[in-house]
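*Asks:* One predicted model, sequence on top.
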Amino acid sequence: MEREELRRRLEFYRDLGLTTLYRKEKAVAGAAPAKAVDALVEAAPAPIVLPTIEPEGDTLAQIREDIGDCKRCRLHEGRHKIVFGSGNERARLVFVGEGPGADEDEQGLPFVGRAGQLLTQMIEGTAKKEGIPLLRPDVYICNVVKCRPPENRTPLPDEMEICGQFLYRQLQVIQPKAICALGSTAAKALLSTKDGVTKLRGRWHKWRDIPLMVTYHPSYLLRPYNQNAKREAWEDLKTVLHYVYD
Ligand code: URA
């Protein structure tokens, strides 16, 4: 396997949350040594045969089919509808939220409640003000987890890990020009970071090779004492829209 291909593959496994790989050693009795994926990405040296888990010729329809009537984690227990994502499948810009709330769970569509209305306003209002002809259906919107967490709690690491594979496939299929991560859960899922939004926002990061901006989650902006953040979120969005659509 080519060195670059190996690096790419290892980064993919790390994105999926697989932090340890086991290598079969010939003629050595007992367990093969485990290696941290980070260490392997650093070194990317000897050929390691890894199974393909990024399907060839993947499509959004295929991903939705693979999700099926998902029972892979506990979130399925309380959900009404799986919220896969919506918008333009060939969008140049993808927004990633945390997970469905009550309205989204009922309708099966992302960002349709109060936070969703604010997100729509932010996208369409900023675009209009900046002279960019863009409406919400032109972008693609999805979440890290596709089922509503009980009481709208933050998704747990294992839930993010399991559902994250579908998010990565969605992004890999759409190949947008930029990604906007809404809030710290999306940032964590896409950047494998523990840093919060305040630290990450306002500058470009990368998910694989795709430029990624982190900004505040619209639910956070709905709280009356976060009005400063609102101004910053508008700035972030302006930066994103000009980068993608200029
Ligand atoms: N909050 C999210 O993170 N996603 C939604 O779809 C709705 C609210």
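*Replies:* Great, that's in hand.
*Asks:* For the rest of this, base every contact and every neighbour count on C-alpha atoms.
*Replies:* Noted.
*Asks:* Who are the packing partners of the strand or helix carrying A233?
*Replies:* Per DSSP states H and E, A233 falls inside helix 227-245. Contact analysis of helix 227-245 by 3 or more Cα pairs under 8 Å, 6 or more residues apart in numbering; DSSP states H and E lists helix 114-129, strand 178-182, strand 210-215, helix 218-221 as its packing neighbours.
*Asks:* Which element, helix or strand, includes the nearest residue to V139 once chain neighbours are set aside?
*Replies:* In space, and not counting its chain neighbours, V139 is closest to A91: 5.0 Å by Cα to Cα, 6 or more residues apart in numbering. Following DSSP H and E, there is no helix or strand that holds A91.
*Asks:* I figured A91 hits I141, correct?
*Replies:* No: contact criterion Cα atoms under 8 Å: A91 and I141 do not qualify, at 9.5 Å.
*Asks:* Neighbour count: the two, which is higher?
*Replies:* Higher neighbour count among A91 and I141: I141, with 24 against 17, using other Cα atoms under 10 Å.
*Asks:* Helix or strand next in line after the lowest-mean-pLDDT helix or strand in the chain, which one?
*Replies:* Counting by mean pLDDT, DSSP states H and E, the weakest-scoring helix or strand in the chain turns out to be helix 37-43, with a mean of 60. The helix or strand immediately downstream of helix 37-43 is helix 60-67, counting by DSSP H and E.
*Asks:* What's the first helix or strand after that following helix?
*Replies:* Past helix 60-67, the next helix or strand by DSSP H and E is strand 86-87.
*Asks:* Return the residues of this protein in contact with the ligand.
*Replies:* Residues of the chain lying near the ligand by Cα under 6 Å from any ligand atom: 97-101, 104, 110-111, 115, 143.
*Asks:* Now do the contacts for D158.
*Replies:* For D158, no residue meets the contact criterion (Cα atoms under 8 Å, 6 or more residues apart in numbering).
*Asks:* on that earlier part again, pull the residues that contact the helix holding A233.
*Replies:* Against helix 227-245 from outside (Cα under 8 Å, 6+ apart): 92-93, 122-123, 126-127, 130, 132, 177-178, 180, 201-202, 213-216, 221.
*Asks:* go on, stretch 101-119?
*Replies:* 79-86, 100, 141-143, 147-149, 152, 218-219, 222.
*Asks:* do stretch 121-140 as well
*Replies:* Residues from elsewhere that reach stretch 121-140, judged by Cα under 8 Å, 6+ apart: 85-89, 91-95, 120, 234, 237-238, 241, 245.
*Asks:* Would you check which pair of these lies furthest apart?
*Replies:* E89 and W234 (24.5 Å; Cα to Cα).
*Asks:* Give me the PyMOL select line for the contacts of stretch 101-119, limited to the buried ones.
*Replies:* Only the buried entries of the contacts of stretch 101-119 go into this PyMOL selection, using 16 or more other Cα atoms under 10 Å:
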select buried, resi 79+81+82+83+84+85+86+100+141+142+143+147+148+149+218
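*Asks:* thinking again about what came up before, can you pull the buried residues of the helix holding A233?
*Replies:* Applying 16+ other Cα under 10 Å to helix 227-245 flags 229-230, 232-234, 236-238, 240-241 as buried.
*Asks:* Now render those residues as TSV, adding pLDDT.
*Replies:* Formatted as TSV, these follow (pLDDT from 0 to 100):
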residue	pLDDT
A229	97
K230	95
E232	97
A233	98
W234	97
D236	98
L237	98
K238	98
V240	98
L241	98
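*Asks:* and R14, what element?
*Replies:* Here R14 is assigned to helix 3-15, by DSSP H and E.
*Asks:* in that helix, what's buried?
*Replies:* For helix 3-15, burial by neighbour count (16+ other Cα under 10 Å) applies to 6-7, 9-15.
*Asks:* roughly how far out does it sit from the chain middle?
*Replies:* Once both centres are worked out by Cα atoms, centre = their mean, to the nearest Å, helix 3-15 turns out to sit 18 Å from its chain's centre.
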